[in-house]
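**Q** The amino acid sequence is not available; the structure is as follows:
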Ligand SMILES: Nc1ncnc2c1ncn2[C@@H]1O[C@H](COP(=O)(O)OP(=O)(O)OP(=O)(O)O)[C@@H](O)[C@H]1O
Ligand SMILES: [Mg+2]
């Protein structure tokens, strides 16, 4: 009898759950989202600031536990796109636009997204009046984390970012690299599922950059989805599973960095840094050698490294080098401009 009552009660519970929640379209949408593993889905996103078209019809999607990198020259629209993901900027009204972050539209569910996201903005916004610990404690309060728990978590995060001895340091006493690492520690305070990093390593020395890449790789292994913008090709290669190169608000190319290069670029480049010297060699049309002018530099691309070596033999030492092609070369090929050019 007792058993029968229990079975009946469980069935009733499930029925009540079904009736209460499933017909609700928002719940259905969330339920479907949890089944998929897409963390961000952006379709036809536009953003204008008066006459400036910062983002023009951008579409992309980011899978769970992957790193997605935005590349592009200054003013390409990278930061604007990031800001729209957590409602710091609102996208233009456009009938075909759709944006979903962790299953929510940022326009209507800013707090739900922020609760589960960590953000490292392009500009350092640490409070210089406070020390390291105080900066992080204030952040923990935003997430209603109790002080005792916050202190423990902050200690772990500072250790993780190798800032364990800086708890009491005033912000102004930190180097640029330490501040960047502190911003990442701060972004992790709420154990985020999604980490948004706008130029996490700009201006840092190669060692600190390497340390940050190691930490980001670790976080990815732990299941954190990472979205970042960068000007560094190496960064994109080291940690991004997918990159999206954009320019003037539009997508130019998207894909896995290694595959993109393999499919779109000759593997070797003869880079001549002295234009006068470059006039000594002519590679165009010769055994598949392609030529590209990049301001003061002249570049010859080929599958055949020996062909490039033969050409290099005609040049003065110190005026050229042969290297593997990279994303910068791919950008140049697609746009005719340098990736880090100022617009
Ligand atoms: N708040 C704003 N008001 C007006 N214009 C803006 C604003 N924010 C960005 N813009 C403009 O939108 C365009 C895209 O800027 P955005 O900051 O997104 O570029 P970015 O790719 O992040 O560049 P960078 O590599 O220099 O950080 C630029 O032309 C910029 O001047
Ligand atoms: Mg930016």
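**A** Ah, there it is. Just so it is clear, the model here is predicted, and its values are computed rather than measured. Ligands and ions are numbered 1, 2, ... in the order given.

**Q** other SSEs contacting the host helix or strand of residue 211?
**A** Under the criterion of DSSP states H and E, residue 211 resides in helix 206-221. On a contact count with 3 or more C-beta pairs under 8 Å, 6 or more residues apart in numbering; DSSP states H and E, helix 206-221 meets helix 176-187, strand 194-198, strand 225-230, helix 233-239. (Each C-beta comes from the backbone N, C-alpha and C, glycine too.)

**Q** Would you mark the buried spots in the last one?
**A** Spelled out, it's helix 233-239. 233, 235-236, 238-239 (16 or more other C-beta atoms under 10 Å).

**Q** what does the second one give?
**A** For strand 194-198, burial by neighbour count (16+ other C-beta under 10 Å) applies to 194-198.

**Q** what do you get for stretch 56-74?
**A** Residues 56, 58, 60, 62, 65-73 are the ones in stretch 56-74 that count as buried (16+ other C-beta under 10 Å).

**Q** do that stretch and ligand 2 meet at all?
**A** No: judged by C-beta under 5 Å from the ion, stretch 56-74 stays clear of ligand 2, getting no closer than 7.5 Å.

**Q** At the contact with ligand 2, which residues of the stretch 51-200 of the chain appear?
**A** 78-79, 122.

**Q** so can I have a markdown table of the residues you listed showing pLDDT?
**A** Putting those into a markdown table (pLDDT from 0 to 100) gives the following:
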| residue | pLDDT |
| --- | --- |
| 78 | 96 |
| 79 | 97 |
| 122 | 92 |
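
**Q** filter the residues you listed to the buried ones?
**A** With burial judged by 16+ other C-beta under 10 Å, the buried subset of these is 78-79.

**Q** out of the residues of the stretch 51-200 of the chain next to ligand 2, which are inside helices?
**A** Of these, the ones assigned to helices by DSSP state H are 78-79.

**Q** follow-up on the earlier one: do me a favour and average the pLDDT over the helix holding residue 211.
**A** For helix 206-221, the mean pLDDT works out to 92.

**Q** One more: stretch 155-174?
**A** On average, stretch 155-174 scores 95.

**Q** re earlier: ok, and for the helix holding residue 211, which residues are buried?
**A** Using 16+ other C-beta under 10 Å as the test for burial, helix 206-221 gives 208-209, 211-213, 215-216, 219-220.

**Q** which residues are in contact with it?
**A** Contact with helix 206-221 is made by 65-67, 160-162, 177, 180-181, 184, 188, 195, 197, 200-201, 204, 226, 228, 232, 235, 238-239, as judged by C-beta atoms under 8 Å, 6 or more residues apart in numbering.

**Q** Distance check, the residue nearest the centre of the chain against residue 58.
**A** Among the residues of the chain, residue 228 comes closest to the average C-alpha position under C-alpha atoms, centre = their mean, at 1.4 Å. Note on residue 228: its distance to residue 58, by C-beta to C-beta, to the nearest Å, is 16 Å.

**Q** Over to residue 191?
**A** 29 Å.

**Q** same check, this time on residue 68
**A** 12 Å.

**Q** again, but for residue 230
**A** 17 Å.

**Q** next one: residue 120
**A** 21 Å.

**Q** repeat for residue 237
**A** For residue 237, the distance to residue 58 - C-beta to C-beta - is 22 Å.

**Q** try residue 258
**A** Going from residue 258 to residue 58 by C-beta to C-beta gives 23 Å.

**Q** With residue 150 instead?
**A** In terms of C-beta to C-beta, residue 150 sits 37 Å off from residue 58.

**Q** Using TSV, lay out the buried residues of strand 194-198 together with pLDDT.
**A** Formatted as TSV, these follow (pLDDT from 0 to 100):
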residue	pLDDT
194	97
195	98
196	98
197	97
198	96
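
**Q** Please identify the buried residues of stretch 139-151?
**A** Buried, per 16+ other C-beta under 10 Å, within stretch 139-151: 139-140, 145, 150-151.

**Q** and for that stretch, what are the contacting residues?
**A** Outside stretch 139-151, the residues touching it (C-beta under 8 Å, 6+ apart) are 115, 133, 136-137, 153-154, 186, 189-190.

**Q** What is the burial count for residue 328?
**A** 17 (other C-beta atoms under 10 Å).

**Q** Can you spell out which helices and strands pack onto the helix or strand harbouring it?
**A** In this structure, residue 328 sits in helix 327-335 according to DSSP H and E. On a contact count with 3+ C-beta pairs under 8 Å, 6+ apart, helix 327-335 meets helix 233-239, strand 242-247, strand 250-255, helix 257-264, strand 290-294, strand 297-302.

**Q** What residues sit buried inside the longest one?
**A** This points to helix 257-264. Buried, per 16+ other C-beta under 10 Å, within helix 257-264: 257, 260-261.

**Q** Let me see the mean pLDDT of it.
**A** Helix 257-264 comes out with an average pLDDT of 93.

**Q** Helix or strand next in line after it, which one?
**A** Using DSSP H and E, the helix or strand that directly follows helix 257-264 along the chain is strand 268-272.

**Q** can you state the direction angle for that following strand and strand 290-294?
**A** 40 degrees (axes from the mean of the first three to the mean of the last three C-alpha atoms, to 10 degrees).

**Q** circling back to that earlier point, closest to residue 274 out of the buried residues of helix 206-221?
**A** residue 209 (29.9 Å; C-beta to C-beta).
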